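>>> Sequence first, then the predicted structure, then my questions.
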Amino acid sequence: MAKTTSRSTVAELDRFVAPYRIDGSARFHLSSRKTNDKGGLDKAEAETILEANRGRLADYQEKLYAQDRWSVLVVLQGMDASGKDSTIKHLFEDVNPQGCEVTSFKQPSSLELEHDYLWRCAIALPRRGMIGIFNRSYYEECLVTRVHPEVLRAQKLPSKLVTKNIWRERFEDIAAFERHLCRNGTVILKFFLNISREEQRQRFLERLEVPSKLWKFSMSDVHERAWWNRYQAVYQDIVRHTSTPSAPWHVVPADHKWFARVVIGSTIVKALDALDLKFPRADKASLNDFAKVRKALVAVGKRGGKRVVRRKAAAR
């Protein structure tokens, strides 16, 4: 694969990015967003794009790591079985593991509950030169805790701070947190995998019917389906209040996993391309030093070769 991504290629990828990008400039209604969109592609075409994007990601990640200036945070949110795990597996399989970290956020530990809700995510943020992937994130603290208030009550917050304004305050805090990260060199790419209730049902059935997928199934997944409409309303609220030009949401049609991967991969490639990443260039003094070292190494090799020839001649 070519080591550069052309302007025309990036422009072409934008047709899989722009329709799903929410930056807060317009009113957002989740119900108006299709979950089964294919972007005019079939599965074979999508696989070709996905394969190319994997190569581009690997190339950009190497430059990102070498340049050591920017970091990239990929946030994946979605209902159970929306495809978060498989998206990570398929998109980043060619990326050097040394430059990519995946963190999955589940129920907070006792240690995490001793801190503010952003703490466990803050300590997992990617370093400069790294791509960090959050499988769920700090947004869970505006989602699960809102759908299930008993979870919030168990989190040791002072009671006088748990008011009717807590969600608005958390949205403000998260927006400020993300603004701070952007101003310090972290590119934030947020994806909501928008799956339909029927497609989720089909994926749950598949897990139950295929022995190798039974480990993925949990009875709590079925329990949460009863709260589907509430989750959809809260996700809509999250996107409305935390979409900004610097940290937009991408509401990704997720009924077809292959198309979701095209959208997410294209979005990441486009964002990395905009950073104009390049391998660092050595300064003049270093180049002079490297030339001396090279000359010395070549000379040692020649002397070593002559010694081998002499030993062979002596042996004869």
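Thanks, I have it.
>>> Name the nearest residue to the residue nearest the centre of the chain, sequence neighbours excluded.
Against the mean C-alpha coordinate of the chain, by Cα atoms, centre = their mean, the closest residue is Val74 at 2.5 Å. Distances taken as Cβ to Cβ, 6 or more residues apart in numbering place Ile133 nearest to Val74, at 4.6 Å, with adjacent residues excluded. Heads up, the C-betas are built off the backbone N, CA and C, glycines and all.
>>> follow-up on the earlier one: the residue nearest to the centre of the chain looks like it's in a strand, true?
Yes - looking at Val74 with DSSP: H, G, I helix; E, B strand; the rest coil, it is inside a strand.
>>> for it, what are its contacts?
Residues in contact with Val74 (Cβ atoms under 8 Å, 6 or more residues apart in numbering) are Ile131, Gly132, Ile133, Phe134, Leu189, Phe191, Ile268.
>>> Next, the contact list for the last one, please.
With contact taken as Cβ under 8 Å, 6+ apart, Ile268 is in contact with Asn53, Leu57, Val72, Val74, Leu91, Leu189.
>>> and Val293, how far is that from Leu287?
For Val293, the distance to Leu287 equals 11 Å [Cβ to Cβ, to the nearest Å].
>>> would you list every one of the helices in this structure?
Ranges of helices within the chain are 7-13, 43-67, 84-91, 119-122, 144-147, 149-153, 166-183, 197-209, 219-225, 228-242, 257-274, 284-315, based on DSSP state H.
>>> nearest to Trp258, of the contacts of Val74?
Within those, proximity to Trp258 (Cβ to Cβ) peaks at Phe191, which comes in at 15.3 Å.
>>> Would you confirm that that closest one contacts Ala254?
No - with contact defined as Cβ atoms under 8 Å, Phe191 does not reach Ala254; the gap is 9.3 Å.
>>> the more surrounded of these two?
Ala254 (29 against 24; other Cβ atoms under 10 Å).
>>> Check what pLDDT the more buried one gets.
As predicted, Ala254 sits at a pLDDT of 98.
>>> What of the one 5 residues further on?
As predicted, Phe259 sits at a pLDDT of 98.
>>> Thought Ser31 was touching Tyr235, still the case?
No - applying Cβ under 8 Å as the test, Tyr235 and Ser31 come out as separate, 11.0 Å apart.
>>> okay, these two: which has more neighbours?
Tyr235 (21 against 7).
>>> The more buried one and Ser220, how far apart?
Separation of Tyr235 from Ser220 (Cβ to Cβ): 18 Å.
>>> just Arg179 next, same as before
34 Å.
>>> out of these two, which sits in the more crowded spot?
More crowded of Arg179 and Ser220, by other Cβ under 10 Å: Arg179, with 14 against 9.
>>> isn't the more buried one right up against Ala247?
Yes - contact criterion Cβ under 8 Å: Arg179 and Ala247 qualify, at 7.4 Å.
>>> What is the burial count for Val251?
Around Val251 there are 25 residues (other Cβ under 10 Å).
>>> so where is the chain shaky, pLDDT-wise?
Across the chain, the ranges flagged by pLDDT under 70 are 1-7, 304-316.
>>> just the buried members of the contacts of Val74?
Neighbour-count burial (16 or more other Cβ atoms under 10 Å) is assigned, among the contacts of Val74, to Ile131, Gly132, Ile133, Phe134, Leu189, Phe191, Ile268.
>>> Just send the contacts of Ile268 back as a markdown table, with distance to Glu47 too.
Converted to a markdown table, these look like this (distance: Cβ to Cβ, whole Å):
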| residue | distance to Glu47 |
| --- | --- |
| Asn53 | 11 |
| Leu57 | 15 |
| Val72 | 24 |
| Val74 | 21 |
| Leu91 | 13 |
| Leu189 | 22 |
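>>> Go through the residues you listed and say which is closest to Lys216.
Leu91 (18.9 Å).
>>> and that closest one, how many neighbours?
Using other Cβ under 10 Å, Leu91 has 22 neighbouring residues.
>>> Likewise for the one 5 residues further on?
A total of 12 residues lie near Asn96 under the criterion other Cβ under 10 Å.
>>> Gly265 versus the closest residue to it other than its chain neighbours, what's the distance?
Once flanking residues are discounted, Asn96 sits nearest to Gln61: 6.2 Å by Cβ to Cβ, 6+ apart. According to Cβ to Cβ, Gln61 stands 13 Å off from Gly265.
>>> tell me the contacts of the residue lying closest to Lys216 once chain neighbours are set aside?
In space, Lys216 comes closest to Arg207 once its chain neighbours are excluded; the distance is 5.1 Å by Cβ to Cβ, 6+ apart. Applying Cβ under 8 Å, 6+ apart, one finds that Arg207 lies in contact with Ala81, Lys213, Leu214, Lys216, Phe217.
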